[in-house]
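Peer 1: Need coordinates for the following:
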Amino acid sequence: MVDHSSHRSEKARSRTVYIIIAIVAVVAFTAVVAIAQLTSNNTKSSGEDSAQHGSSSAGSSADDSASKDSSTPGEEGEWVRRDADDSAAIGNVDAPVVITEWTDPRCPFCAHFHTEILPELQKKYVDSGKVRFEFITVAFFGEQSAAAGAAMEAAGKQGKYREYADALYAAAPEKGHPDLPEETLVKFAETAGVSDIERFRTDMNDSVLIDAVSSATAEAQQQYGIPAVPFFASSDGESALRGAQPVENFSEFIDEQLEKAGVE
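Peer 2: Model prediction:
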């Protein structure tokens, strides 16, 4: 008679391992959303724009601040660039606090943040050298978002990312996702003062830039667990805020980060 007890024991241990892994994965994914919920209302009324397609699955997110598993207390989040030549940023490169925004060019709440909230935060925190904002372009809303994102990056290659974002978001409708064909994207480049429009046209259609936006989107959703835009993470690697919150909410969030950084 063949003894199958050892084989059954091995299968039982394997099932136990899989169950433990699944539980850990779900907890990790829940944590990344929960932290942002603690620092915001985490509702559509708070001004966030979510996309169901391409959303991250359990186990693909990292820790509870949209940071990677390799981030440890005291270290800056791996998304922080601090590049003096980076046009997708505003503020002192050595500012004590860096706030990173993941933004989609067709997101109405992202547009609201850039046109209504960011200017106030810039006056209060950026112009004083205390805070730097860095922007990561993502495409949560389909092919036109990816194309427009590539256009933003193309403008950035000529040092005009921020100016291009200003032009694009200033033209956004109050509700819904704008239609952004290529000629409209080119007009934004002209408004932004992009000097070489032909080069811009070539760059915005470059598969390298389009793939870069797609990669940033996948990383945001699958690795950092970001479910909606706009999404903001502090350079402390531990704190996040979701949605186009009122200026007062951002001020409270930033003041907390400055206090952590020892800035009065």
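Peer 1: low pLDDT regions in the stretch 1-150 of the chain?
Peer 2: Along the stretch 1-150 of the chain, segments meeting pLDDT under 70 span 1-46, 50-74.
Peer 1: at 90 instead, please
Peer 2: The stretch 1-150 of the chain contains residues with pLDDT under 90 at 1-75.
Peer 1: which residue ranges form the helices in it?
Peer 2: 5-38, 108-112, 118-121, 143-157 (DSSP state H, counting those that start in this stretch).
Peer 1: Ramachandran angles for the residue nearest to Val138 when sequence neighbours are not counted?
Peer 2: The shortest distance from Val138 to any non-neighbouring residue, by C-beta to C-beta, 6 or more residues apart in numbering, is to Thr217 (4.3 Å). For glycine as for every other residue, the C-beta is placed from the backbone atoms N, C-alpha and C. With angles defined as degrees, to the nearest 10, Thr217 sits at phi -70, psi -50.
Peer 1: Number the chain from 839, please
Peer 2: Right, with 839 as the first residue, what we last looked at is Thr1055.
Peer 1: contacting residues around Thr1055?
Peer 2: 892, 976-978, 984 (C-beta atoms under 8 Å, 6 or more residues apart in numbering).
Peer 1: Can you tell me which of the residues you listed comes closest to Val918?
Peer 2: Within those, proximity to Val918 (C-beta to C-beta) peaks at Val976, which comes in at 16.5 Å.
Peer 1: quick one: the closest one from Gly967, how far?
Peer 2: When distance is defined by C-beta to C-beta, to the nearest Å, Val976 is 28 Å away from Gly967.
Peer 1: what number of residues lie near Gln1031?
Peer 2: For the record, residue 1031 is Gly, not Gln. Residues lying near Gly1031 (other C-beta atoms under 10 Å) number 13.
Peer 1: Go ahead and confirm it touches Tyr999.
Peer 2: No: using C-beta atoms under 8 Å, Gly1031 is not in contact with Tyr999, being 11.9 Å away.
Peer 1: nearest spatial neighbour of Lys1013, skipping sequence neighbours?
Peer 2: Nearest in space to Lys1013, with sequence neighbours left out and distances taken as C-beta to C-beta, 6+ apart, is Pro946 at 6.0 Å.
Peer 1: Distance of that neighbour relative to Ala1030?
Peer 2: 20 Å.
Peer 1: returning to that earlier point: what's the spacing between the residue nearest to Lys1013 and Lys1025?
Peer 2: 19 Å.
Peer 1: which one of these two has more residues nearby?
Peer 2: Ranked by neighbour count (other C-beta under 10 Å), Pro946 and Lys1025 place Pro946 first, with 19 against 14.
Peer 1: All set, thanks.
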